[in-house]
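S.K.: Sequence plus the predicted model coming up.
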Amino acid sequence: MNTLLKLFVILLFVTVAGCSGAKLKSDKPADVIYKEAMDFFERKDYEEAIAAFQELDAKYPVSEYTVQAKLRIADSYYKDENYPEAISAFREFEKLHPINENVPYAVFQTGMAYFSQMLTIDRDQTPTMNAAAEFERLLSRFPGSKYTDEAKRNLRTARNNLSENEFYVASFYFKKGNYKAAMERFDAVRSKYPEFAAMDKVLFYAAKAYIKIDEKDKGKALLEKLSSDYPLSSYTNKAKKILGDN
């Protein structure tokens, strides 16, 4: 019985030692894990890529590859169109590595993640506002970055959507006869989005809204501004007619 027990203990020890050795043997160096993760990324297998980059981060937290792995995790979420997770990962990268050379890229990609979620002008504009804020932050902090031109283009698109939304809501209130609310929204377009393409139309309907709530002097001033600033506008003739009637 003692002999059998000894034999069992020896076999158990050999098995455990063998397993431990195999486990140690299977531990891959950081560069190998990074290469495997990038292979997944290039093949657009983003779920596996994220898992591999996270494994690298967990096993080698101070490796030269780990910083880049954190950025690639964010990129993988972005490529997989998981924008909320991408935003969180890009912001974490910026927080953990505030002076890293890739911070401008992380800020730009945060903006792009919001930009990719923008909706039509008749729907919630929160992603559009957030996109504009991130692009403005990039242009303010890193005016000379290689992402500047694209950020400016995307900022113009976002601001155009926001101004169109503001005008859409103002027009809705105007049609419903809520002239005070309409006037406030038209004024918001004028103050926040002076580059709005149809500013002559804004001035005309803002003036009418003021007249409707019996603030005729303010309405008249806007009609005169319309006539002065946009002499060739189709709304100028309408403005002159109203001015003549008043």
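M.R.: Thanks, I have it. Numbers count the residues shown, from 1 in each chain.

S.K.: What segments of this protein are helices?
M.R.: 2-26, 30-42, 46-59, 64-79, 83-96, 103-115, 126-141, 148-176, 179-192, 199-212, 216-229, 234-245 (DSSP state H).

S.K.: For the chain, which residues score under the pLDDT cut-off?
M.R.: Applying pLDDT under 70 to the chain flags the ranges 1-26, 245-246.

S.K.: Contact partners for Y78?
M.R.: By C-beta atoms under 8 Å, 6 or more residues apart in numbering, the contact list for Y78 reads A86, F90, Q109, M112, A113. Where you see a C-beta, it was placed from the backbone N, CA and C, and this is true even at glycine.

S.K.: need the contact list for the residue nearest to the spatial centre of the chain.
M.R.: Centroid-nearest residue in the chain, with C-alpha atoms, centre = their mean: Y114, separated by 2.2 Å. Contacts for Y114 (C-beta under 8 Å, 6+ apart) come out as Y83, I87, P127, T128, N130, A131, E134.

S.K.: if you set the cut-off to 10 Å instead, what comes out?
M.R.: Y114 makes contact with 83, 86-87, 126-135, 154, 158 under the criterion C-beta atoms under 10 Å, 6 or more residues apart in numbering.

S.K.: Does F41 touch K79 like I think?
M.R.: Yes. F41 lies in contact with K79 (C-beta atoms under 10 Å); the separation is 7.8 Å.

S.K.: ok, back up a step: and the residue nearest to the residue nearest to the centre of the chain when sequence neighbours are not counted, how far from D31?
M.R.: Closest residue to Y114 apart from its sequence neighbours, by C-beta to C-beta, 6 or more residues apart in numbering: A131 at 3.8 Å. Using C-beta to C-beta, to the nearest Å, we find A131 at a distance of 36 Å from D31.
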